[in-house]
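A.B. asks: Any chance you can model this:
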Amino acid sequence: MSVPVPQDLIDSDLFERDGAIYMGSRRDPDGCRVGLFGVPYDGTTSFRPGARFGPAAIREVSNGLETYDPQLNLDLEDLAFVDLGAVAIPFGAPEPVVAAVGEATRAVLELGLRPLMLGGEHSISSGAVAAVAARYPELALVQLDAHADLRQNWLGARHSHACAMRRCLEVLPSADLLQVAIRSGTREEFEELRRSGRLVGQGPGLSLEPERLQAELVAALGPLRGRPLYLTVDLDWFDPAVLPGTGTPEPGGYHWGHFAGLLEELRHHHLVAADVVELAPGLDPSGVSAVLAAKVTRSLLLLLGQAQ
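C.D. replies: Residues are numbered from 1 along each chain as shown. Here you go, the predicted model:
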């Protein structure tokens, strides 16, 4: 169904619309189902910077992929989606950036679109989650990540990327968070993960057993069928052997087969929003990391586009 597009949104200062766009996307949101936007920010990066270049890199390499996904049997050519550009963000502290992300996500939702955000570092996710949760109070959050991201603060910053899930929990009314195969964190973070029951699978042993991880995902996600779902993908969840271009790589990670298993389960869910964060393309001269990130993005576009 065509959604009337407020002209003041198209002409607003929320989005900078120059530069490359993701393959097959439109610039006009009228009639679209999914709204893609980037957030080029890495101001709290604690190890290796460069994630601010992630959204542009994903767009630039996307044309190297086919529009058709044989696993999902879906094609971007059958989906109307818009690339709204980059959120106009201030330099410096993360708090105004998170606020700008929230405002941009609300604008995307007001257009009747499902948001797909490209980062940038993981600290931006809480702004998007807050906006989506305001629309869907029963929202559940699923996190793919190498790190627990449950610190209260890191290097004095409450909105550090190391605190991403702690801030998301504060804006998630349901408090339903599944943290998939986390493999790095403090003793206290892992004690909380196990006590809370939020940890689904625990690597690195699972890295050789995609079928076992998929079975655990199906069991954990099954009760959430019918609930609105937000998926946040920190790309360092993948093993550095297949995705070295990220700021905080963690050995013992996962491969495409594990992600494909998650996609099979997500086909049965009410996915309403997602993000893909922490690609630092300059750290991978081969460019393979950006291609993998663009393929993740394609999968999520297709799932968001077909979800009821």
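A.B. asks: Below-threshold pLDDT in the stretch 51-200 of the chain: ranges please.
C.D. replies: For the stretch 51-200 of the chain, the stretches flagged by pLDDT under 70 are 154-155, 158-159, 161.
A.B. asks: quick one, helices of it?
C.D. replies: Applying DSSP state H, counting those that start in this stretch to the stretch 51-200 of the chain gives helices spanning 54-62, 94-110, 125-135, 164-171, 187-196.
A.B. asks: For Asp30, find the nearest of those helices.
C.D. replies: Ranking these by proximity to Asp30 (Cβ to Cβ) places helix 94-110 first, at 13.5 Å. To be clear about C-beta, it is placed using only N, CA and C from the backbone, and glycine gets the same treatment.
A.B. asks: Pull the contacting residues for the closest residue to Ala57 other than its chain neighbours.
C.D. replies: Excluding its sequence neighbours, the residue lying closest to Ala57 (Cβ to Cβ, 6 or more residues apart in numbering) is Pro281, at 3.7 Å. Counting by Cβ atoms under 8 Å, 6 or more residues apart in numbering, Pro281 touches 50, 53-54, 57, 245, 287, 289-290.
A.B. asks: show me where the stretch 151-300 of the chain has strands.
C.D. replies: 177-180, 199-200, 228-234, 270-277 (DSSP state E, counting those that start in this stretch).
A.B. asks: Now distance to Glu264 and mean neighbour count too, for the ones you listed, in TSV please.
C.D. replies: Below are the strands of the stretch 151-300 of the chain laid out as TSV (distance: least, Cβ to Cβ, whole Å; neighbours: other Cβ atoms under 10 Å):
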stretch	distance to Glu264	mean neighbour count
strand 177-180	14	22
strand 199-200	15	20
strand 228-234	14	25
strand 270-277	13	25
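A.B. asks: now these in CSV, with distance to Leu14?
C.D. replies: Compiled in CSV, these are given as follows (distance: least, Cβ to Cβ, whole Å):
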stretch, distance to Leu14
strand 177-180, 28
strand 199-200, 35
strand 228-234, 20
strand 270-277, 17
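A.B. asks: need the least confident one among the ones you listed, by mean pLDDT.
C.D. replies: Between the strands of the stretch 151-300 of the chain, the one with the least mean pLDDT is strand 199-200; it has a mean of 92.
A.B. asks: now for that strand, which elements pack on it?
C.D. replies: strand 177-180, helix 210-221 (3 or more Cβ pairs under 8 Å, 6 or more residues apart in numbering; DSSP states H and E).
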